[in-house]
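K.L.:
need a 3D model of the sequence below.
(2 chains)
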Amino acid sequence: MTPRDRDPAPDELLDWLAAGRGRGWTMPPESVRRRSLSRAGTPAPGRPRRRRKAEWEPADVRGAAAPASGQPRALTGSAPGIVVSLLVTPRPGEHRREIRGKVWLEERASASLFLVHDDHVVGEVTLASSGEFLFDDPLPPGWSLEVHPRRGTALVIADPETGPEAA
Amino acid sequence: MGAVWLPEDRPERECDGDPGAVLARLPIPVLSRARIDRFVPSLGSLPDSELIRLCLDDDQGAWEALVLRHQGLVYSTALEVGLPPDDAGDVFQEVWIELNRSLRRLRNPKALPRWLIVATRRLSWKVAVRNRRIIPEIPPDLVDPWALPDETLEFAENRTRIEIALRELGDPCARLIRLLFLEWPRPKHRTVARRTGLAMGSIGPTRNRCLAKLGRILRRRR
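P.N.:
Below you'll find the predicted structure:
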C-alpha cells in the first residue's frame, strides 16, 4: 500500500491484517478506560464569527521594535467590554510557551478563554473581571488565544511569531 | 438510527374483525440485544463523523463508542513516546478531555485518528515535562502536527478500519481474529483454543470463515 494516497482496498486490508501488521496496540487498563467513558466539561464554542484581533506591542513602551524571536512578548488587547494583558514567554528546547495574563471585564461579567492550535482547543479557563490566567503548554507556532465574553464580540490574540493571519 | 418498538409501546387497538387490528394485537417477540444489533446499526459501526455529530447532541452512547474505538490508538501512542503506564493513563484521560472540548472545531472528523495522535503526542510531552520524566530523544513531531510520519498515520487508519469492522463482526469471530492477528506477543495455538473454546483442529477453518465475513463487512463499508 502506498501511504496516504488512497484508502486501501478491502482485500489489501485483509492481507495487511493477516500479515500481522496490525499488531502493536496496547489497550488501556479498565480503570483508565472507565474514567474517560464519562465526558468531562462541555465542548468549546465553534470558531467565532464576530471577532476582533488584538495587535502586539513592545513589552516596554520605551523599547523600539518588537523583541527578537525567542524573547518574552507582551500585549494589551481590547474589544467592547474586554481588556486583556498578557506576557508570552517561550521555553526554547522544551517546545513550551508560558502564556500568563489578566482579563478586565464589565462588572459582574465573565469570559471564557480558549488556547487554540489548528483544530485543537488545548486549554480553557473561565474568569471573572480581574481574573488571572496561566497556560504552560507545548505549542507549535500558530496558536491563538480566544477570549469569549458571555455576550458580544470575541477577542482573538494570534501567536506573535506567526502573525494575526494564524488566528 | 431506527427505533426499536417494544411491546409495551404498542398502542391499544380495537379488533372489530379487522385483520390488521388482529395482527397488531399479536405479541411481538422481545428481541435479544444481539438480534436487535443485526437490524439496528450499532453505534460501534457508525463512522467517526456520525459519532461526533451525535456527541454534539449530547449522546453519551456515541461518546463511549468513540472512546472504545480509539482507546488502543491513544494509549499505545502515549506508551510509544516512552511514558510509563501510569503517565500514559493520565495522558489518555487528558486526550479525551481535549477532544470533548474541541468537538465543534474539528475540521475533518474523518481524520480523527490523526487528530488523536497529534493530541496524544503533545500531551505526552507535557506530562513527561510535568512529571520530570526523561525522554531520550524528542522527535519534532511530538509538538509539530505537520511532521507526523505517513507510516504512523497509515497504521492508525488501517487499524481503526479493522477495529470498526471487528466491532460489527462481533464475537466469537472478532475474538478469534484479535487473538490470531492482533495480539502481541502472538499467543500459542493451544492458548487460542483455550480462550475461544474451539478444538485445535477447527481453528483453521473457523479462521477462514471469520476472515471471509470480515472481508464482506469491509467491502460493504467501503
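
K.L.:
can we go C-alpha only for contacts and neighbour counts from here?
P.N.:
Will do.

K.L.:
quick one, what contacts the residue of chain B found nearest chain A?
P.N.:
The nearest approach of chain B to chain A comes at B:Arg101, 4.0 Å away (Cα to the nearest Cα). Going by Cα atoms under 8 Å, 6 or more residues apart in numbering or on different chains, B:Arg101 touches A:41-44, A:121.

K.L.:
check the secondary structure at it for me.
P.N.:
Assigned with DSSP: H, G, I helix; E, B strand; the rest coil, B:Arg101 falls in the helix class.

K.L.:
A helix includes A:Gly46, no?
P.N.:
No - counting by three-state DSSP, A:Gly46 is not found in a helix; it is coil.

K.L.:
excluding covalently adjacent residues, which one is nearest to it?
P.N.:
B:Arg104 (5.1 Å; Cα to Cα, 6 or more residues apart in numbering or on different chains).

K.L.:
who wins on neighbours among the contacts of B:Arg101?
P.N.:
The residue in those with the most neighbours, by other Cα atoms under 10 Å in any protein chain shown, is A:Val121 (27 neighbours).

K.L.:
quick one: pLDDT of A:Asp136?
P.N.:
At A:Asp136, the model reports a pLDDT of 90.

K.L.:
now do the helix ranked longest in chain B: distance to the chain's middle.
P.N.:
Secondary structure of chain B per DSSP state H: the longest helix is helix B:60-81. How far helix B:60-81 lies from its chain's middle: 8 Å, per Cα atoms, centre = their mean, to the nearest Å.

K.L.:
just stretch A:17-36 next, same as before
P.N.:
Relative to its parent chain, stretch A:17-36 has a centroid offset of 29 Å by Cα atoms, centre = their mean.

K.L.:
and the strand or helix carrying A:Ile157, anywhere near chain B?
P.N.:
Element membership of A:Ile157 [criterion: DSSP states H and E] is strand A:154-158. No - taking Cα under 8 Å from any Cα of the partner chain as the criterion, strand A:154-158 and chain B are apart, separated by no less than 15.2 Å.

K.L.:
circling back: for the longest helix of chain B, buried residues please.
P.N.:
By neighbour count with 16 or more other Cα atoms under 10 Å in any protein chain shown, helix B:60-81 contains the buried residues B:61-79, B:81.

K.L.:
the one residue in chain A that gets nearest to chain B in helix, strand or coil?
P.N.:
Taking Cα to the nearest Cα, chain B has its nearest neighbour within chain A at A:Pro43, 4.0 Å off. With three-state DSSP as the basis, A:Pro43 sits in coil.

K.L.:
this completes my enquiry, with thanks.
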